[in-house]
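1. Sequence isn't available, so here's the structure alone:
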C-alpha cells in the first residue's frame with residue numbers, strides 16, 4: 001500500500017456543530033454508504049450505540065474507512081460533549097490530521113477550545129469547516145474572527161460564500177477560482193463552473209487576501225507575489241499544504257452538511273492539505289532498559305511499534321483493542337511484546353471497523369494504519385506493542401481525573417457478581433471512569449467526568465450486561481491541599497512484652513511547586529533511619545495523603561523526610577509506615593489544610609428574554625459571570641461555577657426558558673471551598 005495515499009483524520013468539534021453529519025456525508029459521497037442517516041432521527045451510521053441514537057449525541061469515538069481520489073481515508077468521528085473528552089484525547093494521540101467543525105452562528109465555543117488545545121498538544125495539522133451556513137444568523141466572517149481571537153490561530157480562508165442563511169447557494173473556491181453551485185439534491189449536489197459576474201470582483205479581492213496570508217508563511221508565494229507574478233492554483237495549493245503541515249495556518253471552508261453543501265470540498269481538502277503518515281515526524285519512544293530514545297519511522301520494514309489507544313467490548317467478538325501501527329507490520333498469528341507490562345501477546349484476528357461493523361483483515365497491516373485486534377488479554381489503553389526482539393515504550397496518553405461520583409448497589413444478590421464484572425469491563429474501555437469500594441462500608445462507588453457520563457454507564461449496565469442497580473445521588477469529587485510549610489514529627493512506639501515496635505520520623509511538608517503533584521523525597525543523612533525503612537515511610541505518607549484530613553485525597557503536597565531515629569531490635573517496616581502516617585496527620589493540622597472543589601466553565605445560550613432569570617439563578621449558585629453577549633436575539637452567558645451547585649441544572653434551564661435554552665459545561669480547575677461544604681454534599685462525599 002502506498003502510504004502517501006493514506007490519511008488518518010479525526011472529525012472534532014463542540015457538541016452540535018455537526019461532526020457526525022459531516023462524517024455521514026463524507027461516507028455517502030465517497031460511496032462508503034448508499035444513503036445518509038440523520039443524527040436527529042437516530043439513524044446516523046457512526047452513532048451506532050442505542051444511547052447515542054436516543055440522545056442524538058456522539059458518546060464513543062467511532063472509526064471507519066473510505067476512498068477518495070485514490071486515497072484511503074481512515075476517519076474517527078469523536079464526541080463533542082465534555083463528559084466524553086477522553087475519546088477525543090486518545091483519538092488525537094494517534095491521528096495525523098483533523099477536520100475541526102465550527103457552527104457558523106456560534107463560531108468558537110467552549111468545547112471547540114478544548115479540542116483545539118488537545119490538537120495543539122499533539123501538533124495535529126487541521127483544516128476547518130464553518131458548518132451550518134444556511135442557519136439564521138450565520139456569518140463566515142464572524143466565525144473566522146472567533147478562530148483568530150479565541151484560538152490564536154491563523155485562518156486561511158479558501159472559500160467565499162454566495163449568500164448566507166437560506167440564500168446560501170454556492171461558494172467560490174478562492175484557490176482554483178471556480179464556483180461551486182449547490183442544489184438540495186444529495187445525489188448531485190455540486191455544479192462546478194465559472195464565477196458569476198456579480199461575484200467576480202469580490203472573489204478577486206478575497207483571493208488577494210488569501211495570497212497575502214499565504215505569502216506571510218511561504219517563501220515561494222511571497223517571492224512570486226512581490227514580483228507581481230500570476231500565482232497558479234497548483235502553486236497556491238502546494239503552499240497552503242506546506243503551511244498546514246507546519247501547523248502555521250488553518251485552511252477554512254464553508255458549508256452546510258445537513259443540506260449536502262460543501263462536503264465534497266472538505267474531502268478534497270483532506271487529500272490536498274492534511275498529511276500522510278510519511279509527512280508527520282517519526283514517533284519517538286524510549287528503550288525500557290537503557291532509557292535511550294528510539295525513533296520509529298513509518299516504514300513497513302522497520303521493527304514493529306504500535307500504540308493501543310482504545311478498548312471496546314464487542315457483544316459478538318469480545319474484547320477489541322484499537323491499535324495505531326507506527327512502524328513495522330502486524331500479522332495474524334504473529335507475536336508482539338507489550339513493553340508496558342512485560343508480556344508477550346499473540347496477534348489473533350484483526351478487523352477494520354466501520355462504526356460497529358467489522359471487516360476482516362487477512363494479510364496484516366503496516367505502518368501508518370489503524371486496526372482493531374480481537375482477543376488481546378493483557379493490553380490496555382496507552383500500552384505499546386513492539387517487536388519481541390526490540391523493545392520500545394511509546395509515550396502513553398494522559399487523561400483528566402473524574403470530578404463526579406455516585407454510589408451503586410445491585411438490586412439482588414444475583415446481580416452482585418455480574419455488576420462487578422461489568423463495571424471492570426467498562427473501566428477497561430474508559431480511562432476516565434473509575435471504580436472503587438469503600439473498605440469500611442463495602443459500598444461501590446463509580447466516578448466519571450459528569451452526570452451524563454455516569455448516566456450512560458448505568459444505562460449500559462442495564463442494557464448490555466443485564467444488571468439492575470440502584471444509584472445514589474451524584475457526589476462531587478473534592479480534594480484537599482495545604483497552604484503553609486511546616487515541620488512535623490511522628491513516633492510509633494509499642495512495648496507489650498517481648499519484641500516491641502519503634503519508628504520515628506521528622507518530615508518537612510510544604511505546598512508543591514505546581515500545586516497539583518504530590519512528591520516525596522528523602523534527605524536523611526548520617527543513617528538516622530536505615531535505608532530499608534525509607535520505602536515504608538513513603539507508603540505511610542502516601543496513605544495519609546490519599547485519605548486526607550477531611551476524607552478527601554490531597555494534592556499539591558511536597559514531603560521531605562529529613563530526620564528520625566530507629567531501634568536496633570524493635571524497628572520494623574510497619575512501625576515506620578505508621579510513623580509516616582502519624583507525622584502527616586500532625587502536618588495537616590499545622591499546615592492550614594483546606595478543601596478544594598471542582599469549578600466549571602459554563603456557557604448558557606437562550607433567547608434574550610430569559611437572560612434575567614438565567615443570571616439570577618446562576619448568582620444563587622455562587623457563579624461568577626465572566627461575560628454576556630447578544631447575538632441575533634440569542635444571549636450567551638459565560639460563567640465560572642462550582643460543580644456542586646449544578647446537579648439537575650438541565651431541568652432548571654428547560655423550565656426557565658420553556659425548553660429553548662442550552663448549556664455546556666467543562667471542568668476548569670479546583671478552587672478552595674468558601675463558606676464551608678454544603679451539608680448534604682459534604683456528607684455524601686466523605
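-> Nice, thanks for sending it over. Just so we're clear, the structure is a prediction, and the values are computed from it rather than from any experiment.

2. use CA for all of it now, contacts and neighbours both
-> Will do.

3. Low-confidence regions, the stretch 551-686 of the chain specifically.
-> 632, 675-686 (pLDDT under 70).

4. 80 - rerun?
-> 631-633, 674-686 (pLDDT under 80).

5. got the residue ranges for the strands in it?
-> Assigned strands in the stretch 551-686 of the chain, in chain order: 557-565, 593-607, 624-631, 634-642, 662-672 (criterion: DSSP state E, counting those that start in this stretch).

6. now swap in the stretch 101-250 of the chain and tell me
-> Counting by DSSP E, counting those that start in this stretch, the strands of the stretch 101-250 of the chain are 126-131, 155-157, 159-162, 170-173, 178-182, 190-193, 250-254.

7. now, of those strands, which is deepest in the fold?
-> Counting by mean count of other C-alpha atoms under 10 Å, strand 126-131 has the highest mean neighbour count of those, with a mean of 27.

8. just checking, what packs against that strand?
-> Applying 3 or more C-alpha pairs under 8 Å, 6 or more residues apart in numbering; DSSP states H and E, one finds that strand 126-131 makes contact with strand 97-103, strand 250-254, helix 263-273.

9. Pick out the residue closest to the middle of the protein.
-> In the chain, the residue lying closest to the centroid (C-alpha atoms, centre = their mean) is residue 89, at 3.0 Å.

10. isn't that one right up against residue 400?
-> No. Using C-alpha atoms under 8 Å as the test, residue 89 is too far from residue 400 to be in contact (9.7 Å).

11. I'd guessed residue 613 sits against residue 656; true?
-> Yes. Assessed by C-alpha under 8 Å, residue 613 is found in contact with residue 656 at 6.8 Å.

12. Between these two, tell me which one has more neighbours.
-> residue 656 (16 against 13; other C-alpha atoms under 10 Å).

13. can you tell me which residues contact that one?
-> Going by C-alpha atoms under 8 Å, 6 or more residues apart in numbering, residue 656 touches 610, 613-614.

14. Filter the residues you listed down to the ones in helices?
-> 613-614 (DSSP state H).

15. Now stretch 446-466: buried residues?
-> Neighbour-count burial for stretch 446-466, counted by 16 or more other C-alpha atoms under 10 Å, picks out 446-451, 453-454, 457-461, 465.

16. so which of those comes closest to residue 473?
-> Within the buried residues of stretch 446-466, proximity to residue 473 (C-alpha to C-alpha) peaks at residue 451, which comes in at 10.1 Å.

17. From residue 80, how far off is the closest one?
-> 15 Å (C-alpha to C-alpha, to the nearest Å).

18. pretty sure residue 502 contacts residue 573?
-> No. Contact criterion C-alpha under 8 Å: residue 502 and residue 573 do not qualify, at 9.4 Å.

19. Specify which residue of these two has the higher count of neighbours.
-> Remark: of residue 502 and residue 573, residue 502 carries more neighbours, 24 against 19, as counted by other C-alpha under 10 Å.

20. What are the neighbouring residues in contact with the more buried one?
-> Contacts of residue 502 by C-alpha under 8 Å, 6+ apart are 491-494, 566-567, 570-572, 575-576.

21. Quickly note the distance from residue 31 to residue 66.
-> 8 Å.

22. Please say which of those two ends up with more neighbours.
-> With neighbours defined as other C-alpha under 10 Å, residue 31 and residue 66 compare such that residue 66 has more, 18 against 13.

23. which non-adjacent residue is nearest that one?
-> Leaving out its chain neighbours, the residue that sits closest to residue 66 by C-alpha to C-alpha, 6 or more residues apart in numbering is residue 73, at 5.3 Å.

24. Show the model's pLDDT score for that neighbour.
-> For residue 73, the pLDDT comes out at 95.

25. Relative to residue 584, how far out is residue 426?
-> From residue 426 to residue 584 the distance is 35 Å (C-alpha to C-alpha).

26. the more surrounded of these two?
-> residue 584 (30 against 20).

27. Would you mind confirming that that one is in contact with residue 543?
-> No. Taking contacts as C-alpha under 8 Å, residue 584 lies outside contact range of residue 543: 9.4 Å.

28. follow-up on the earlier one: output the strands of the stretch 551-686 of the chain as a markdown table; include the columns mean neighbour count and distance to residue 475.
-> A markdown table is the format used below for the strands of the stretch 551-686 of the chain (neighbours: other C-alpha atoms under 10 Å; distance: least, C-alpha to C-alpha, whole Å):
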| stretch | mean neighbour count | distance to residue 475 |
| --- | --- | --- |
| strand 557-565 | 20 | 24 |
| strand 593-607 | 21 | 11 |
| strand 624-631 | 14 | 22 |
| strand 634-642 | 21 | 13 |
| strand 662-672 | 17 | 15 |
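
29. Any idea which of those strands gets closest to residue 517?
-> Per C-alpha to C-alpha, nearest to residue 517 of the strands of the stretch 551-686 of the chain: strand 557-565, 7.0 Å.

30. can I assume residue 513 sits in a helix?
-> No. According to DSSP: H, G, I helix; E, B strand; the rest coil, residue 513 belongs to no helix; its state is coil.

31. Count residues in the vicinity of it, would you?
-> Residue 513 has 12 nearby residues by other C-alpha under 10 Å.

32. and what of residue 527?
-> The burial count for residue 527: 11, using other C-alpha under 10 Å.

33. Quick one, grab the pLDDT at it.
-> Residue 527 is assigned 83 on the pLDDT scale.

34. I'd like to know how far residue 298 sits from residue 273.
-> Residue 298 is 19 Å from residue 273, by C-alpha to C-alpha.

35. same deal with residue 475?
-> 46 Å.

36. How many residues are close by residue 221?
-> When neighbours are counted by other C-alpha under 10 Å, residue 221 comes out with 23.

37. hang on, the earlier thing: out of the helices and strands packed on strand 126-131, flag the one nearest residue 604.
-> strand 97-103 (15.6 Å).

38. average pLDDT across that closest one?
-> 96.

39. just how off-centre is that strand within its chain?
-> 15 Å (C-alpha atoms, centre = their mean, to the nearest Å).

40. Show me what that strand is packed against.
-> strand 6-13, strand 126-131.

41. what comes into contact with it?
-> With C-alpha under 8 Å, 6+ apart, strand 97-103 has contacts from 7-14, 17-19, 92, 108, 112, 119, 124-133, 143, 270, 274-275.

42. Could you list the low-pLDDT ranges of the stretch 301-450 of the chain?
-> In the stretch 301-450 of the chain, residues with pLDDT under 80: 314-317, 355-356, 438-442.

43. Show me where it has its strands.
-> Under DSSP E, counting those that start in this stretch, the stretch 301-450 of the chain gives strands at 305-314, 318-327, 329-330, 335-338, 343-346, 350-354, 357-361, 365-366, 370-374, 384-386, 393-394, 404-410, 434-437, 444-448.

44. Tell me which of the ones you listed is the most buried.
-> Taking mean count of other C-alpha under 10 Å, strand 384-386 is the most buried of the strands of the stretch 301-450 of the chain, at a mean of 29.

45. Can you name every helix or strand that that strand contacts?
-> strand 305-314, strand 335-338.

46. To residue 227, which of those strands lies closest?
-> strand 305-314 (47.8 Å).

47. angle of that closest one against strand 318-327?
-> Taking axes from the mean of the first three to the mean of the last three C-alpha atoms, to 10 degrees, one finds strand 305-314 and strand 318-327 inclined to each other by 160 degrees.

48. give me the beta-bridge partners of residue 520?
-> residue 559 (DSSP bridges).

49. Just the pLDDT for it.
-> For residue 520, the predicted pLDDT is 96.

50. how about it, what does it touch?
-> 538, 558-561.
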